[in-house]
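Chemist: Need coordinates for the below:
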Amino acid sequence: MTGAAGARAGGPRLSFRRAGPEDVTDLLALVESAYRGEESRRGWTTEADLLDGRRTDAGQLAEAVGAPGSVVLVAERSGELVGCCQLVGHGERAELGLFAVRPSLQGGGIGRALVAAAEALVHREWSARAMSMKVVAQRAELLAWYGRLGYRPTGESAPVPYGDERFGVPRRADLEFVVLEKAL
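Modeler: Numbering: from 1, shown residues only. From the prediction side, this is the model:
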């Protein structure tokens, strides 16, 4: 998939493409920087106060890139990887996950453009009629942002995988995911 969109009026254009195995190292650095550690605090999507440890690893990313029914979509600006998300098809419903934007660039429209490109891809290529995602319930500002994009709570929740350090080490005992969905 090739496409382009301006992240801000007059700003450098974004392009979108499917990630390949050669992107795994850069994807890992991007995702970790957006969710964990001190660099993540430069943006507003950090989970550093909620979870320690890694967000993902190279093996999980390589699996996501190569799995049937899965696309890792990357956003690039001037040849630099600035955002990504994973899309998984489930019939007429697609799931968005692994969403990350470089912390120093958050708030500039890249995330909004990446979500729009992801929605267009799953609708066009998979005939998806809805997109869903899981968001940590304690992330009120992130839930509000997705709400402004048209995503609504379904009433479903899912547990955070406590005890599975592949997804991080929870810093509190009350974490859970809220399931959001948007009709496409």
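Chemist: Let's verify the residue nearest the centre of the chain: helix, strand, or coil?
Modeler: By C-alpha atoms, centre = their mean, the mean C-alpha position of the chain lies nearest to Phe99, the distance being 0.8 Å. Under DSSP: H, G, I helix; E, B strand; the rest coil, Phe99 falls in the strand class.
Chemist: can you map out the helices along this protein?
Modeler: Listed from the start of the chain, the chain has helices (DSSP state H) covering 24-35, 37-40, 58-66, 110-126, 140-148.
Chemist: about what we covered before: next one: the residue nearest to the centre of the chain from Asp174, what distance?
Modeler: Distance, Phe99 to Asp174, using C-beta to C-beta, to the nearest Å: 23 Å. C-betas here are computed from N, CA, C, even on glycine.
Chemist: The residue nearest to Arg55 when sequence neighbours are not counted: neighbour count?
Modeler: Sequence neighbours aside, Tyr35 is the residue nearest to Arg55 in space, at 4.2 Å (criterion: C-beta to C-beta, 6 or more residues apart in numbering). Look at Tyr35: counted by other C-beta atoms under 10 Å, it has 24 neighbours.
Chemist: now swap in Ser157 and tell me
Modeler: Look at Ser157: counted by other C-beta under 10 Å, it has 12 neighbours.
Chemist: which strand in this structure runs the most residues?
Modeler: Ordering each strand of the chain by length in residues (DSSP state E) puts strand 80-90 first.
Chemist: Next, the angle from that one to helix 110-126.
Modeler: 40 degrees (axes from the mean of the first three to the mean of the last three C-alpha atoms, to 10 degrees).
Chemist: So which other helices or strands are in contact with strand 80-90?
Modeler: Applying 3 or more C-beta pairs under 8 Å, 6 or more residues apart in numbering; DSSP states H and E, we find strand 80-90 packed against helix 24-35, strand 70-77, strand 93-101, helix 110-126.
Chemist: Brilliant, that's me finished.
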